[in-house]
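1. got a structure for you, letters missing:
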């Protein structure tokens, strides 16, 4: 299993508030009623998709502050990232917000990477609060990683739909009934030599399997100890692959216990092919739906596994395969 | 000054070992004798500059492990980033190394961002050790941010030379005489509306000024409390701008106390214009020179300020200015 990868947070930092904003397509999906805001159009009055994505993140952070009862100026650290080169959605949002900023890059795993580092910042008493956030936008991701939308390129069935969505949680040490981050397991870069940018589930499933196995081994738990294991954006194909990989490793994972945010973000009629993806997918789903379920006691212990495909057009054009990574965090409602 | 931005590390994590590798041009500069390895050619036998940069980082991390007396497999967290889109130099190095990996993006400030987060990981007892690293490569940066080298584009005098270099430090809680990381100050995204990708010193100087002022205010120190204040890669022009900005803010900073790694990396005859830059600049300079000076007692208390220009060609083409950010960490020899 290699080096120990699980960090324990003895002070059990609380998720004080959470906010999510999603695009029109995501608003028509199963979580439509649950997002704090569903955008009427996905340009948000900006001059570009990139600036729209940034503005969506800025609004999400601001809303999360409002719901948590603190001023933006009092956020002690914003940890965020996105899929854009140089994570510009996050950096320009941080510019507008003026908060201390820690830029992260973990592709679609970024939200859980931010959650772990943010939880550590407050658990250790290094910060009184920290905001963990991530976002993605269908139009910026397609342009950067695949084809400009204007080409109207047909998408293969294994392709996933990058969610236009942002999620943010405010972390602090707080008594009382709260959803808490009790531990986090770091990811390793895992590469099974997939080269297809339209098959992200296959890229990420091995990394997710690796992290879940490490997490179970190092915390002495198994699937039975969690009400639900939630993956970020494996999509319908990646989810099947993960179940198969776990079976091969001899890890029991009842199918009904495994929920994938990407596979749950759109209705079939929405034509999202293998499901949703993007750094905003697990971020917004966690904030819109999962935290409520933990808080309301339906699913009181949840393993949240964010996974990222570290796709780069530069290295892809040089013949390299696409590596994956996954971070896991345990959330508890009691 | 806004929210408090300084994290204190009561256990004073130690820098157990450090390693640096630099390119041929950097090897001909003032630090040539001090780097652990000077590359004979900057492609390292790889098929691309990007893979060469990644290989340089991998070797640096491996060397740092060797010097620190631990196996790569026992590194509990590698925190790293670089200037490439999707930080591919770091992710592919992490793939080869197999260590738990936290990907960061702070452009040229990444090394100090990694140092702060790594110090926190071991200070809080969350990890037994952590490796903070960063790298850059002249050829990858020019291609991505400016022009392909093959064009032979002439560079204006304000341009800086992205260093081909990597640096890594191994952090752990350890007794005895060591260089220690005692605190860290987070950066904010600061933008003074510079739009010139060949004028990075002007982009970063305001962010450095902002972070130094915050650091002094929040730690109750001033320049007199440090043997040296070291900035990352402001270059000769940015260094002058910083001195001017600090004067405007009423902050005393004796000129001879302020060292800039970028302005110290090349001899004048090397034609690096305004000086060195790149995420590897402060990383390799710290590992090759500064830690020794702190350890040997010449400069026992040092404020290390890494700064990044968050340049993106996408947002630049959309008319956006280039924001900057800076992180600071205090290193002590006693």
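-> Good, I have the coordinates. Nothing here was measured: the structure is a model prediction, and the numbers come from that model.
2. Please tell me I have it right and residue A:196 contacts residue A:159.
-> No: under the criterion of C-beta atoms under 8 Å, residue A:196 lies out of contact with residue A:159, with a separation of 9.3 Å. For the C-beta atoms, the positions are set from N, CA and C on the backbone; glycine is no exception.
3. more neighbours, these two?
-> Set side by side, residue A:196 and residue A:159 show unequal neighbour counts under other C-beta atoms under 10 Å in any protein chain shown, the larger going to residue A:159 at 24 against 14.
4. In which helix or strand does the spatially closest residue to residue A:137 that is not a sequence neighbour reside?
-> Of all residues not flanking residue A:137 in the chain, residue A:53 sits nearest, at 3.7 Å (C-beta to C-beta, 6 or more residues apart in numbering or on different chains). For residue A:53, the element it lies in under DSSP states H and E is helix A:49-68.
5. what sits against the residue nearest to residue A:137?
-> For residue A:53, the contacting residues are A:82, A:84, A:89, A:135-137, A:140, A:164, A:166, taking C-beta atoms under 8 Å, 6 or more residues apart in numbering or on different chains as the criterion.
6. one more time with 6 Å
-> A:89, A:135, A:137, A:140 (C-beta atoms under 6 Å, 6 or more residues apart in numbering or on different chains).
7. and which of the residues you listed is nearest chain B?
-> The shortest distance between chain B and any of the contacts of residue A:53, using C-beta to the nearest C-beta, involves residue A:140 and amounts to 8.4 Å.
8. you'd agree the closest one is in a helix?
-> Yes: under the criterion used here (DSSP: H, G, I helix; E, B strand; the rest coil), residue A:140 sits inside a helix.
9. Residue A:51 is in contact with that one, correct?
-> No: shown here, residue A:140 and residue A:51 do not form a contact pair, counting by C-beta atoms under 6 Å, at 9.6 Å.
10. Count residues in the vicinity of residue A:186, would you?
-> 28.
11. Quick one: residues contacting it.
-> A:5, B:100.
12. Now it. Its backbone dihedrals?
-> Residue A:186 adopts backbone torsions of phi -70, psi 150, taken as degrees, to the nearest 10.
13. cool, residue A:196 as well?
-> Here residue A:196 shows phi and psi, under degrees, to the nearest 10, equal to phi -100, psi 110.
14. And the one 3 residues further on, by the same measure?
-> Recorded main-chain torsions at residue A:199 are phi -140, psi 50, according to degrees, to the nearest 10.
15. so what's the residue in the stretch 201-334 of chain A positioned nearest to chain B up against?
-> Residue of the stretch 201-334 of chain A nearest chain B, by C-beta to the nearest C-beta: residue A:312 (4.1 Å). Residue A:312 sits next to B:85-86, B:88 when contact means C-beta under 6 Å, 6+ apart.
16. That one and residue A:323, how far apart?
-> Using C-beta to C-beta, to the nearest Å, residue A:312 is found at 9 Å from residue A:323.
17. Over to residue A:76?
-> 33 Å.
18. what's the burial count for residue A:314?
-> Under the neighbour criterion other C-beta under 10 Å, residue A:314 is assigned a count of 18.
19. Let me see the contact set for the spatially closest residue to it that is not a sequence neighbour.
-> Leaving aside its sequence neighbours, residue A:314 sits nearest to residue B:50 (C-beta to C-beta, 6+ apart; 5.8 Å). If a contact means C-beta under 6 Å, 6+ apart, then residue B:50 has A:314, B:88, B:140 as its contacts.
20. In contact with the closest residue in space to residue A:115 that isn't next to it in sequence, which residues?
-> Counting by C-beta to C-beta, 6+ apart, residue A:132 is the residue found nearest to residue A:115 once chain neighbours are left out, at 4.6 Å. Contact analysis of residue A:132 by C-beta under 6 Å, 6+ apart lists A:79, A:114-115, A:118, A:169.
21. tilt between the strand or helix carrying residue A:132 and helix A:49-68?
-> If you go by DSSP H and E, residue A:132 is part of strand A:129-136. For the pair strand A:129-136 and helix A:49-68, the angle between their directions (axes from the mean of the first three to the mean of the last three C-alpha atoms, to 10 degrees) equals 150 degrees.
22. Would you list the strands that strand A:129-136 pairs with, along with their directions?
-> Each strand paired with strand A:129-136, and its direction, by DSSP bridges: strand A:78-81 (parallel), strand A:165-172 (antiparallel).
23. Measure how far that strand is from the centre of its chain, please.
-> Taking the mean of its C-alpha atoms, strand A:129-136 sits 10 Å from the chain's own mean (C-alpha atoms, centre = their mean, to the nearest Å).
24. ok, now stretch A:22-38?
-> With C-alpha atoms, centre = their mean as the basis, stretch A:22-38 stands 16 Å off its chain's centre.
25. likewise stretch A:61-80?
-> Average the C-alpha atoms of stretch A:61-80, do the same for its chain, and the two points are 19 Å apart (C-alpha atoms, centre = their mean).
26. got the end-to-end distance for that stretch?
-> The distance separating the two terminal residues of stretch A:61-80, taken as C-alpha to C-alpha, to the nearest Å, comes to 10 Å.
27. Name the residues that touch that stretch?
-> Outside stretch A:61-80, the residues touching it (C-beta under 6 Å, 6+ apart) are A:16-17, A:19, A:36, A:90, A:94, A:97, A:99-102, A:114, A:117-118, A:121, A:127-133, A:168, A:170, B:2-3.
28. tell me the centre residue of chain A?
-> The centre of chain A sits closest to residue A:282, judged by C-alpha atoms, centre = their mean, with a distance of 3.5 Å.
29. Need the nearest residue in space to that residue, chain neighbours excluded.
-> Once flanking residues are discounted, residue A:282 sits nearest to residue A:232: 3.6 Å by C-beta to C-beta, 6+ apart.
30. List the contacts of that neighbour.
-> Applying C-beta under 6 Å, 6+ apart, the residues near residue A:232 are A:108, A:261, A:282, A:306-307.
31. do residue A:164 as well
-> For residue A:164, the contacting residues are A:23, A:42, A:137-138, by C-beta under 6 Å, 6+ apart.
32. right, and out of these, which lies closest to chain B?
-> Closest approach between the contacts of residue A:164 and chain B, by C-beta to the nearest C-beta: residue A:137, at 12.3 Å.
33. What residues does chain A have near chain B?
-> A:2-3, A:5, A:7, A:48, A:50, A:73-74, A:76, A:85-88, A:91, A:94-95, A:100-101, A:103, A:105-106, A:120, A:124, A:126, A:186, A:188-189, A:191, A:310, A:312, A:314-315, A:318, A:323 (C-beta under 6 Å from any C-beta of the partner chain).
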